[in-house]
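# Need coordinates for the below:
(4 chains)
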2 protein chains.
Amino acid sequence: MQPESDKISPQRNPTIKTVAAAAGVSTATVSNAFNRPNQLSAEVRERVLSVAREIGYSGANPVARNLRRMSTNTVGFVYSESLEFGLNDPASQQFLQGIARALESRGLALLLLPFSATGNSETVRNAAVDGIILYCPPMNTPLVQVVKDRRLPAVFVDYPNRSNCTTVGVRDRSGARALAKHLIQLGHKRFGIISSRLTEDFREGFSDWDRLQHDFYYPEGERLIGYRQALEEANIDLNRQVRIFECKHSATAFGKRAIAAFLAAEFKPTAVIAVSDMLAIGAIEQLKAAGFNVPGDVSVAGFDDVPEASRIEPPLTTVRQDSEEKGRRAAKFLLEMLDGQVEESRHSVLQTELIVRKSTGARRT
Amino acid sequence: MQPESDKISPQRNPTIKTVAAAAGVSTATVSNAFNRPNQLSAEVRERVLSVAREIGYSGANPVARNLRRMSTNTVGFVYSESLEFGLNDPASQQFLQGIARALESRGLALLLLPFSATGNSETVRNAAVDGIILYCPPMNTPLVQVVKDRRLPAVFVDYPNRSNCTTVGVRDRSGARALAKHLIQLGHKRFGIISSRLTEDFREGFSDWDRLQHDFYYPEGERLIGYRQALEEANIDLNRQVRIFECKHSATAFGKRAIAAFLAAEFKPTAVIAVSDMLAIGAIEQLKAAGFNVPGDVSVAGFDDVPEASRIEPPLTTVRQDSEEKGRRAAKFLLEMLDGQVEESRHSVLQTELIVRKSTGARRT
DNA sequence: TCTAACTTCTTAAACGATTTACTAAATCGA
DNA sequence: TCGATTTAGTAAATCGTTTAAGAAGTTAGA
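Below is the predicted model of the structure:
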């Protein structure tokens, strides 16, 4: 037992100390050799760097450096649902692309933080980041409080801007209203609405308007309200002529199941409005598989205008939102907060636009 | 000028020290109150937590904790090209989903590291992570050395497994060969090949087989070799009857441009093989726009079998690879390395499968 | 009553860097 | 040659935690 030598764990990676000792200089000099070349002679710098290379020291430990520098060059991204589903959704993909583009130019890294609605928010609390972007957080989730408690610069995306925080959002309601009006003008009177989650529970099945009174996922709720407004204005009976099917997630598989449920319940809408394009695309696929013609027998419309929307057959009538621009704006807000340029909270709301394609047509039946 | 009080910056977030002082205990006790409740009396713990809440201390600084604990609970992901393009590609999206799923169950966060081939690799060198997954790194990129130098557990995806590192890959070559054979059996003799980048430079235009001799992007190069093998076996003149168009990225827009270039050059292939589905989808769209019938006039095939491949009209003949499974395996390898279960490097190679759909047919012209 | 074993809390040493303030030596101008 | 400035390097403080080791007090068993 050598009382001194066993302090040196043979496994551990070399540190700045190891290099300093081996090169016969102080740790400050080693640090300078890497970070501030003009603070030392070229000769010593060369020696230090070559010793470092020899030993296998490839640069400062990032965590230690981050601690000392009090910054991480990292931005956190929290998706409201499971990351796996988030990465699967084209709209959030585009959003992420917008963020990535903005961060990339500054050399910032993007930390994807897992958070399942059922799970805890430890990962978010313990994330080593300089700022946070929160995407579509459910209104009453503890996650929001966790983020606020951390007192980091944060941007809330698709979150009501009445709260005292910086937000980026979209005119969901008016876009949805325009879409429903379009279908009403085409003569439709019997509507199937395919919605994603309305509350915390993962319930799949027929739902009703009561469930969206409170505690709802913001953008989806807003869209439903938009649909309802248009329907009410047209004097359509919300209980008799409209049925809502609530899905667990926004993905084609669930849109298919919604249609299957409508058919099984012998509810035959002449128009189907989904709360997202992916649900609408699933709906179209299932309708076609069941022998229906779109839009001949049933019109289908979505929301988002993801790239797939224009590729599917028939091309989808939808409401366009610029998800990538949304990402860029969120990143821009955050970067400005990180630079200390802006203190007060700001809000940005993007326009929506009705895009009429081939999946909707005049009512025939 | 108060010599003592100006040490306390009023802006800075409270630390464990602040809380300890305010609660009249040591920092160790504060730490224990949060992390090891059974190490102190319930009474003191309550007091500490309530003082913390009062002061606005929401938990340990993640960076400091990571330093002390010597782990970050974070895995780094490096995409070979710009993150923006990476997030846009369905195959890498699926791959990311596979990783996300595996990491989510362990509460690990995923750090997306920007790296542009032209740019430097500082972000990768300075990333605070426990392990790294490198996706499709160009073979001669300095990035690979940077990752190896860091001596972290690392998994190389779609990278030749002759190097001494853990890899996950796909039978690209044999899959590509099967696809080309399929087209040859349909009677095709004049081929247009749409490739993504073959070397470091971002060149767009007609290319030739020489450019893939060395220094190439691994999976794309392997696929091209597979195509070539099948063509050679069928005695097709690689110079006269085959033309390669090289794109900057794998995205539909570039596939469109490739077709436009073929047409402008008056080269009319009866079959177009793309190195990826997105290029193939772009090709189909452009061919349709130019008045060609697919597969009547021209057959088109891709590689990957992304979800869009089966949705497009006509559904795309392609080679299926399970990108999500690839992600899961990469994550599994990495997790096992992080757990210290495995030391030596391992390799996993996934199968590919030819999927014949409607975009390919017998040669007519 | 004495010792052993708990509890409960504190002291102080890490973790691995960066950076300020300082020293010693070299250089310069007059 | 002298003082002032510049250059090159070092010592030590600091970033905010966690945790091993230990101290002080309490309880329990014989």
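
# Now do the helices in the stretch 51-200 of chain A.
A:62-69, A:83-88, A:90-104, A:122-125, A:142-149, A:172-185 (DSSP state H, counting those that start in this stretch).

# which residues touch whatever residue of the stretch 151-300 of chain A ends up closest to DNA strand D?
Here the stretch 151-300 of chain A gets closest to DNA strand D at one residue, residue A:151, 11.5 Å apart by C-beta to the nearest atom of the strand. In this view, the C-beta of every residue, glycine as well, is placed from N, C-alpha and C. Contact analysis of residue A:151 by C-beta atoms under 8 Å, 6 or more residues apart in numbering or on different chains lists B:13, B:56, B:58.

# just how off-centre is stretch A:123-131 within its chain?
Put simply, stretch A:123-131 sits 17 Å off its chain's centre (C-alpha atoms, centre = their mean, to the nearest Å).

# could you give the mean pLDDT of it?
Averaged across stretch A:123-131, the pLDDT comes to 96.

# re the thing from before, between the helices of the stretch 51-200 of chain A, which gets the lowest average pLDDT?
helix A:83-88 - the lowest mean pLDDT of the helices of the stretch 51-200 of chain A, at a mean of 85.

# Just the buried residues of it, please?
Buried residues in helix A:83-88, counted by 16 or more other C-beta atoms under 10 Å in any protein chain shown: A:83-88.

# can those go into TSV with extra columns for distance to residue B:105?
TSV is the format used below for these (distance: C-beta to C-beta, whole Å):
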residue	distance to residue B:105
A:83	11
A:84	10
A:85	14
A:86	16
A:87	15
A:88	17
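
# The stretch 251-365 of chain A: strands as residue ranges?
Along the stretch 251-365 of chain A, counting by DSSP state E, counting those that start in this stretch, strands occupy A:271-274, A:299-301, A:318-320, A:347-350, A:353-355.

# Which neighbouring elements make contact with the third one?
Looking back up the chat, that one is strand A:318-320. Contacts defined by 3 or more C-beta pairs under 8 Å, 6 or more residues apart in numbering or on different chains; DSSP states H and E place strand A:318-320 against helix A:172-185, strand A:353-355.

# List the contacts of the last one.
In this structure, residues lying in contact with strand A:353-355 by C-beta under 8 Å, 6+ apart are A:175, A:178-179, A:182, A:305, A:309, A:317-320.

# Report the angle between the host helix or strand of residue A:229 and helix A:172-185.
If you go by DSSP states H and E, residue A:229 is part of helix A:218-233. Relative orientation of helix A:218-233 versus helix A:172-185 (axes from the mean of the first three to the mean of the last three C-alpha atoms, to 10 degrees): 40 degrees.

# Can you tell me which of the buried residues of helix A:83-88 is closest to DNA strand D?
For the buried residues of helix A:83-88, the residue nearest DNA strand D by C-beta to the nearest atom of the strand is residue A:83; the value is 24.8 Å.

# Once you drop chain neighbours, what's closest to that closest one?
Sequence neighbours aside, residue B:100 is the residue nearest to residue A:83 in space, at 4.2 Å (criterion: C-beta to C-beta, 6 or more residues apart in numbering or on different chains).
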